[in-house]
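In: Just need the structure, nothing else, for what follows:
(4 chains)
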There are 2 protein chains.
Amino acid sequence: MNKEIIIVDDHQLFTHSLQILVNSFEGFEVSRTFKNGEELVHYFNENKTPSDLILLDMRMPIMNGLETMAWLKQNLPEQKVLALTVDQEDEHIIKMLRLGCRGYLLKDIDPEMFEHALNSTINTGYFTNKTISDAMSHEERKKNYHALTGREMEFLTHACSEKTYKEVAKDMNLSPKTVENYRESLFSKLQVRSRVGLVMFAIKEEIFKV
Amino acid sequence: MNKEIIIVDDHQLFTHSLQILVNSFEGFEVSRTFKNGEELVHYFNENKTPSDLILLDMRMPIMNGLETMAWLKQNLPEQKVLALTVDQEDEHIIKMLRLGCRGYLLKDIDPEMFEHALNSTINTGYFTNKTISDAMSHEERKKNYHALTGREMEFLTHACSEKTYKEVAKDMNLSPKTVENYRESLFSKLQVRSRVGLVMFAIKEEIFKV
DNA sequence: ATAAATAAGGGGAATTTTCCCCTTGTTGTG
DNA sequence: CACAACAAGGGGAAAATTCCCCTTATTTAT
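Out: Residues are numbered from 1 along each chain as shown, chains lettered A, B, ... in the order given. Predicted coordinates:
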């Protein structure tokens, strides 16, 4: 018996080609497709049996990926879902995983890897990849970010400049060696390995405005 | 005979206190105040003689600083204008100067400098300060930015990472020394003095998205 | 056709950044 | 009280960045 896959995506062209691809895999079959979350919900309201797997797009009109996932968590918690999307938005990834999503694929994945992801999700329940672990580590960073001390924050904003650390030290009225301690401490807290990493973190978190 | 100053600003409180300040200066007198550009235009439509100087706020309801300056350029080109504003928006500064504005002051200027600015504008016709030269140099940078070669652009995006230049060279299939040339070339074109400068430029210009 | 700009590459040296590990008060907080 | 966490400081060394000049083809304008 083939595993039944549901595709939810508003891009018709993509849905259809994906359908062909999935059908070409041994043991898989696309049973249904929907253009947005609402259509999927309508379907499940008629028919409360989960499919083997849902491939869920994130950006959709009417009812997007997150909303759909939230509904599924409430109403069909055992339903396995793989998010399938164009952009790596870490916030979304984390939220989706919290809502019980089994994996998060970028649409530029190669077909072989995609087939592996389908198998892994259906057999082991989960599929984890770099996209997800990256998002997780960013999440981890954020936790750590809230643990920065006032002085570290100050240093961080000073680091977002063309000043050398020696100059930063002068500006902060500190010894260059103390500044060096803040740098090391931030590197480990924020899990970056260079000053550029610090700067990009600060800008991403809007600690420093460009 | 006192020099006659017109103030155009929507913040009543500011206008009034500024008026007192200007009147306290030797040889200056606020002849009129308006709450926005439109009021000023109405006035000049009745009375086509330029004042000695207009102090023009940028952010105003109905007719803002830029629009007002554009009107003045058309209708009263000999009118001297000093822009007076809260924020250094380089784009605006450049536009204002192109429209014939004689100077651009931030409202946090100290009174002594302000008096100097008034004198300088009325006597020499212009007042130039750091605000303006900064804006100019950013403008200069932008010009240069459009002159970046494809390879330089590539390097620039690679530089926005925690990779070392050696690693960047590997990624770009180049010798570290060639990468070094791109770096030097960008430093001089973009007028930065460190990799952090490159990164901040790239982010500001949205060459690299955070 | 010829000068100028671009792309690619390099030598050598001074600074800066990064790493690893260590000390000493001060400030909490269970 | 005690033990942890924080702020401030440092030694020494390896690695990366930055600076200043120089070369050689290839394109591209004039």
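In: Enumerate residues external to stretch A:62-77 that contact any of its residues.
Out: For stretch A:62-77, the surrounding residues in contact (Cβ atoms under 8 Å, 6 or more residues apart in numbering or on different chains) are A:8, A:36-38, A:40-41, A:44, A:48, A:50, A:54, A:56-60, A:79, A:81, A:83, A:85, A:92, A:95-96, A:99-101. For the C-beta atoms, the positions are set from N, CA and C on the backbone; glycine is no exception.
In: Apart from its chain neighbours, what residue comes closest to the most centrally placed residue in chain A?
Out: In chain A, the residue lying closest to the centroid (Cα atoms, centre = their mean) is A:Ile93, at 2.6 Å. The spatially closest residue to A:Ile93, leaving aside those adjacent along the chain, is A:Ala135, at 3.9 Å (Cβ to Cβ, 6 or more residues apart in numbering or on different chains).
In: same deal with A:Lys163?
Out: Spatial nearest neighbour of A:Lys163, chain neighbours left out: A:Asp171 (7.0 Å); criterion: Cβ to Cβ, 6+ apart.
In: any idea how far B:Gln88 is from the one you found?
Out: Distance of A:Asp171 to B:Gln88, computed by Cβ to Cβ, to the nearest Å: 21 Å.
In: Mean pLDDT per helix and strand in chain A: which one sits at the bottom?
Out: Lowest on mean pLDDT, DSSP states H and E among the helices and strands of chain A sits helix A:130-145, with a mean of 71.
In: picking that back up, now do the same contact list for the residue nearest to A:Ile93.
Out: With contact taken as Cβ under 8 Å, 6+ apart, A:Ala135 is in contact with A:Gln88, A:Asp90, A:Ile93, A:Ile94, A:Tyr104.
In: Scan the residues you listed and report the most crowded one.
Out: With neighbours defined as other Cβ atoms under 10 Å in any protein chain shown, the most crowded of the contacts of A:Ala135 is A:Tyr104; it has 28 neighbours.
In: Find the nearest non-adjacent residue to that one, please.
Out: Sequence neighbours aside, A:Ala83 is the residue nearest to A:Tyr104 in space, at 4.5 Å (criterion: Cβ to Cβ, 6+ apart).
In: and that neighbour, backbone torsions?
Out: Dihedral pair for A:Ala83: phi -80, psi 140, per degrees, to the nearest 10.
In: which stretches of chain A form strands?
Out: Per DSSP state E, chain A carries strands over the ranges A:3-8, A:28-34, A:53-57, A:81-85, A:103-106.
In: quick one: contacts of the third one?
Out: Going back to what we said before, that points to strand A:53-57. The contact list for strand A:53-57 (Cβ under 8 Å, 6+ apart) reads A:3-11, A:18, A:22, A:40, A:65, A:68-69, A:72, A:79-85, A:101, A:118, A:121-122.
In: what residues does chain A put near DNA strand C?
Out: Within reach of DNA strand C by Cβ under 7 Å from any atom of the strand, chain A has these residues: A:Thr164, A:Tyr165, A:Lys166, A:Glu180, A:Asn181, A:Arg183, A:Glu184, A:Phe187, A:Arg193, A:Ser194, A:Arg195, A:Val196.
In: quick one, what contacts the fourth one?
Out: Counting by Cβ under 8 Å, 6+ apart, A:Glu180 touches A:Tyr165.
In: From A:Asn123, how far out is it?
Out: Distance from A:Glu180 to A:Asn123, by Cβ to Cβ: 50 Å.
In: repeat for the first one
Out: For A:Thr164, the distance to A:Asn123 (Cβ to Cβ) stands at 54 Å.
In: who in chain A is up against DNA strand D?
Out: A:147, A:149-152, A:174-178, A:180-181, A:194.
In: and A:Lys163, how many neighbours?
Out: Count around A:Lys163 with other Cβ under 10 Å applied: 16.
In: how long is stretch A:54-66 end to end?
Out: End-to-end distance for stretch A:54-66: 13 Å, by Cα to Cα, to the nearest Å.
In: Can you list the buried residues in it?
Out: Buried positions in stretch A:54-66, judged by neighbour count with 16 or more other Cβ atoms under 10 Å in any protein chain shown: A:Ile54, A:Leu55, A:Leu56, A:Asp57, A:Met58, A:Met60, A:Met63, A:Asn64, A:Gly65, A:Leu66.
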